[in-house]
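Chemist: Let me see the structure of the following:
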Amino acid sequence: MRNLAARSAKSAQETAELIAGSVEKTRNGSRIADETASAFAEILGVVGKVGDLIAEIKAASSEQAEGITQVNLGLGQIDGVTQKNTANAEESAAAAEELSSQAQQLRQMLARFVLSDTLAAPGQRFDREVDEAERPRLGWR
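Modeler: Next comes the predicted model:
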């Protein structure tokens with residue numbers, strides 16, 4: 001019986017040691033679970049911040065895209081105005097050249113006439129055509 005009591009005491013001591021070890025492991029497991037929960041909460045907070053940053057980036061990108069669209073529209077309008085100005089300048093140059101040609105023709109036509117008060121009656125003037133022989137006498141070319 002003594003032997004049985006000694007074995008029972010030894011078993012009780014081993015059981016107590018196992019229970020104490022299990023309690024310590026449970027405390028460590030609980031601490032690790034708490035730390036893990038805290039880490040997950042921190043990660044969740046960071047994920048929320050990342051989500052907010054992504055939303056801000058999306059909004060900024062949308063604003064930039066709208067700005068680029070507006071710039072493209074403005075450039076298109078500038079291009080249209082530039083093309084119109086170019087066309088108007090070409091038309092003006094052509095009109096000026098035509099006008100210059102007509103002015104030259106008019107000069108040539110007027111060069112053939114001279115106003116002379118000496119051939120007209122007093123108080124009257126008249127135009128007459130100047131012939132080629134008379135031009136040098138009048139100082140005309």
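Chemist: can you map out the strands along this structure?
Modeler: 113-116, 126-129 (DSSP state E).
Chemist: separation between Ile78 and Asp52?
Modeler: 39 Å (Cβ to Cβ, to the nearest Å). From N, CA and C alone the C-beta is placed, and that goes for glycine too.
Chemist: what do you get for Ile32?
Modeler: 30 Å.
Chemist: ranking the strands of the chain by mean pLDDT, which is last?
Modeler: Per-stretch mean pLDDT for the strands of the chain is lowest at strand 126-129 (a mean of 54).
Chemist: Scan the chain for its longest helix.
Modeler: helix 2-110 (DSSP state H).
Chemist: how distant is that helix from the center of its chain?
Modeler: 19 Å (Cα atoms, centre = their mean, to the nearest Å).
Chemist: For it, name the packing helices and strands.
Modeler: Contact analysis of helix 2-110 by 3 or more Cβ pairs under 8 Å, 6 or more residues apart in numbering; DSSP states H and E lists no helix or strand as a packing neighbour.
Chemist: the bottom helix or strand of the protein by mean pLDDT?
Modeler: Within the chain, confidence by mean pLDDT, DSSP states H and E is lowest for strand 126-129 among all helices and strands, at a mean of 54.
Chemist: how close does Leu99 sit to Glu90?
Modeler: Leu99 sits 15 Å away from Glu90, going by Cβ to Cβ.
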